[in-house]
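[1] This is a predicted model, with the sequence first.
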Amino acid sequence: MNTDSGTGQKKSEEGFDRLTPAYHPHQQEKQPPCQADCPNCGDIRQWIGVVAQRGKLGLSDHQAFARAWQTITDVNPFPGVLGRICPHPCEDRCTRTGLDDPLAINAMERFLGDWAIKERLPLRQLSNEPRREWLGVVGAGPSGLSFAYQMARRAYRVTVYEAQEQAGGMLRYGVPDYRLPPAVLDAEISRILDLGVELKLNTMIGRDITLEELRKRHTTLYLGLGAQQGRNLGLPGEDGPSVWTGTDYLSRFNNGEKIDLGAAVVVTGGGNTAVDAARCARRTGAEVSLIYRRSMEEMPAIQAEVEDMLEEGIELLLLATPTRLQRSDDGRLENLVACRMALGEADSSGRRRPEPIPGSEFSMPVDTLITAVSQAPVLDGFEALDHTGNWLSTDQLGNVSPGIQAGGDMLKLGIAGNAIMQGRSAAEELHAKFQGRRSDGLPDDPRPPVEPQQVTFDQTPTSTPVRALKLPADERIDDGRAEVANTISEQQFLREAKRCFSCGSCMGCESCSMFCTSGCFTKLTETGPGMYFSLTLDMCKACGKCIEVCPCGFLDAYQPPVP
Ligand SMILES: Cc1cc2nc3c(=O)[nH]c(=O)nc-3n(C[C@H](O)[C@H](O)[C@H](O)COP(=O)(O)OP(=O)(O)OC[C@H]3O[C@@H](n4cnc5c(N)ncnc54)[C@H](O)[C@@H]3O)c2cc1C
């Protein structure tokens, strides 16, 4: 006897042991690996499946795209945005990596986002039943807007208060246009407003309206203030002209302000803000160096953005940190002094702690320093709420106090997907409460994860994933706002969808029913990804063949209870 890698069941030298009842099949939908690390987990397999299987489902391309888009927007009203900027951990986990290359899930999401904008698809309203409650949201970043969207589609009255002239938060004032064109952001925001969300711009809570007044006006509040304050380094010589925080510099750059940075710019930090600040500075014609105290492996910035940055001619100085700035007698910035670092033990973030190497100081000429090491929320006017330093204290579900919820970067710096998920989670919790139901936040996925060996691709030919075309680096620098990568075509999207293995869910390949000699599988008339056959075991010979041939890992071996 040996063990079948797919089912973990014993099989005889000739094949499956036909007498052992352990080989009855059982249809078990499983959690695909692509969804395991997604912060705002949409049903990725479902939206790709509906397109890949559109022929079996009797859907036109248009209908399949619309359904796929709707699946995404049930959890994320910003597919055009996240399809451009999400670090896409889904692709890192794609089973396809075991054969060739992961599916280009992020590029596919972007395609659907752009397609729906072109088609002017509205977001789906879940209820038209009028509600009594009036909800206030502070901050029109992705978190506040996600909350507003989820409540407005359930027919609640929602008003969003935003300090800036335009909505979008860091998606507008942080992420540069060459990664996220404002037209895409505008289109996805206006679709949320079309659900009846009221947006009050240029209204800073804590300055124009007090928290107390707002509290009285609305049934409940959701706070999505983000983390607007860039942190300084506290270095000797830092106070004075020509030193910017990354968020301050980017916000002005994105507003179209012309800032003279001089010829030599140094940016310090290793996250997306640092990389974006360096790339924007490069687009002003300056020579730019990015200095980061850890190694490339520990850089939190999206890897592909770091690669683009290097292509654009930005120097990357790893394992080094600024120690002081030297200024001329009239206060002009002249040199940055830095020292080399070595990596020690892991710190609380799990990354190895950088430690200065004694006697390793060096200096470099600098006209402008941009510090992009961290950000913190600005809680002016919110001091009455429980907080530790600049960070608001909440319970696990983001509840600050009765009637006040919070989410996004103001709780912990993160990515847009996380901010959107927290807005959705708070909305679902609040809606449940209004309905008299208890909610403990977004439910955990009850489905077991599919094991890699359950998905079989021995017979699948290798293929290359689609790659979005990119502007050559010199053209990106010349036209500072031109988008770097383009959207894949419809044909590319359709081809890519076919590469999905549908891990853990039936894709209707019919192998099980073709190999079954007992007629256990009956085709369903109402089909959908994961739903193509019903299964009756009355005539099952327990041969286990269907389990063996199922390429998706959807069928499990099942031991019927002994009567
Ligand atoms: C430069 C940069 C690049 C980034 N790149 C990426 C990326 O590539 N991928 C990714 O996933 N994430 C990226 N992020 C992170 C992402 O943008 C954030 O995680 C996300 O925007 C947080 O959403 P939020 O709604 O919590 O806060 P924000 O987006 O900061 O929005 C908060 C909003 O609240 C408003 N506000 C604040 N205080 C008040 C007040 N008192 N009254 C009224 N309004 C107020 C602000 O003006 C702002 O509009 C990046 C961030 C930056 C800064």
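    Ah, there it is.

[2] Near the ligand, which residues of the stretch 51-200 of the chain are found?
    Counting by CB under 6 Å from any ligand atom, the stretch 51-200 of the chain comes close to the ligand at 85-87, 138-144, 161-164, 169-171, 174-175. Any C-beta I mention is one placed from the backbone N, CA and C, and that applies to glycine too.

[3] So which of the residues you listed sit within helices?
    Members of these lying in helices (criterion: DSSP state H): 85, 142, 143, 144, 170, 171.

[4] can I assume the first one is in contact with residue 181?
    Right, residue 85. No. Counting by CB atoms under 8 Å, residue 85 does not reach residue 181; the two are 11.4 Å apart.

[5] In terms of neighbours, single out the busier of the two.
    residue 85 (21 against 17; other CB atoms under 10 Å).

[6] Tell me who's in contact with the more buried one.
    Listed by CB atoms under 8 Å, 6 or more residues apart in numbering, the contact set of residue 85 reads 171, 175, 179, 180, 302, 416.

[7] how many other residues sit next to the first one?
    Looking back up the chat, that one is residue 171. The number of residues packed around residue 171, counting by other CB under 10 Å, is 26.

[8] Next, the contact list for it, please.
    Residue 171 neighbours (CB under 8 Å, 6+ apart): 78, 81, 85, 141, 142, 180, 185, 416.

[9] any idea what sits nearest the residue of the stretch 301-450 of the chain found nearest the ligand, other than its immediate chain neighbours?
    Residue of the stretch 301-450 of the chain nearest the ligand, by CB to the nearest ligand atom: residue 408 (2.1 Å). Nearest non-adjacent residue to residue 408, counting by CB to CB, 6 or more residues apart in numbering: residue 143, 2.9 Å away.

[10] close enough to count as contact, the one you found and residue 412?
    No. Applying CB under 8 Å as the test, residue 143 and residue 412 come out as separate, 11.6 Å apart.

[11] okay, those two: which has more neighbours?
    residue 143 (33 against 11).

[12] Enumerate every residue touching that one.
    Residue 143 sits next to 169, 224, 226, 407, 408, 409, 419, 420, 422, 423 when contact means CB under 8 Å, 6+ apart.

[13] so how far is residue 23 from it?
    49 Å (CB to CB, to the nearest Å).

[14] Which residues are in contact with residue 524?
    Residue 524 sits next to 531, 532, 533, 534 when contact means CB under 8 Å, 6+ apart.

[15] now, which of these sits nearest residue 58?
    residue 532 (12.5 Å; CB to CB).

[16] Closest one to the ligand out of the contacts of residue 524, please.
    Of these, the one sitting nearest to the ligand (CB to the nearest ligand atom) turns out to be residue 531, at 32.9 Å.

[17] Kindly provide the distance from that closest one to residue 57.
    Using CB to CB, residue 531 is found at 10 Å from residue 57.

[18] If you count surrounding residues, which of these two has more?
    Neighbours per residue (other CB under 10 Å) separate residue 531 from residue 57, with residue 57 holding more: 19 against 15.

[19] For the stretch 151-300 of the chain, which segments are assigned as helices?
    170-173, 182-193, 211-217, 246-254, 272-282 (DSSP state H, counting those that start in this stretch).

[20] could the ones you listed go into a markdown table alongside mean pLDDT?
    Formatted as a markdown table, the helices of the stretch 151-300 of the chain follow (pLDDT from 0 to 100):
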| stretch | mean pLDDT |
| --- | --- |
| helix 170-173 | 98 |
| helix 182-193 | 98 |
| helix 211-217 | 97 |
| helix 246-254 | 95 |
| helix 272-282 | 97 |
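
[21] Which helix or strand in this protein has the lowest average pLDDT?
    Lowest by mean pLDDT, DSSP states H and E among the helices and strands of the chain is strand 2-3, with a mean of 36.

[22] now stretch 349-369, how far from the centre of its chain.
    Here stretch 349-369 is found 31 Å from its chain centre; the criterion is CA atoms, centre = their mean, to the nearest Å.

[23] I meant stretch 67-80, not that one.
    With CA atoms, centre = their mean, you get 13 Å for stretch 67-80.

[24] Dump that stretch to CSV, keeping only the CA atoms.
    Output of stretch 67-80 as CSV, limited to C-alpha atoms (Å, rounded to 0.1, in the frame of the first residue of the first chain):
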residue,chain,number,x,y,z
ARG,A,67,-20.8,39.6,-12.6
ALA,A,68,-17.1,39.5,-11.8
TRP,A,69,-17.1,43.2,-11.1
GLN,A,70,-20.1,42.9,-8.9
THR,A,71,-18.5,40.2,-6.9
ILE,A,72,-15.4,42.4,-6.3
THR,A,73,-17.5,45.5,-5.5
ASP,A,74,-19.5,43.7,-2.9
VAL,A,75,-16.5,44.1,-0.7
ASN,A,76,-14.4,46.7,-2.4
PRO,A,77,-15.9,49.7,-4.3
PHE,A,78,-12.4,50.6,-5.6
PRO,A,79,-11.3,47.8,-8.1
GLY,A,80,-9.8,50.4,-10.5
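
[25] sorry, back to before: buried deepest among the helices of the stretch 151-300 of the chain, which one?
    helix 272-282 (a mean of 27; mean count of other CB atoms under 10 Å).

[26] Are there helices or strands packed against it, and which ones?
    helix 246-254, strand 264-268, strand 287-292, helix 303-311, strand 368-371 (3 or more CB pairs under 8 Å, 6 or more residues apart in numbering; DSSP states H and E).

[27] for the last one, packing partners?
    In terms of contacts (3+ CB pairs under 8 Å, 6+ apart), strand 368-371 is packed against strand 243-245, helix 246-254, strand 264-268, helix 272-282, strand 333-346.

[28] which residues are in contact with the helix or strand that it is followed by?
    Going down the chain from strand 368-371, the next helix or strand is strand 375-376, by DSSP states H and E. Here strand 375-376 makes contact (CB under 8 Å, 6+ apart) with 227-231, 245, 247, 273, 389-391, 409, 413.
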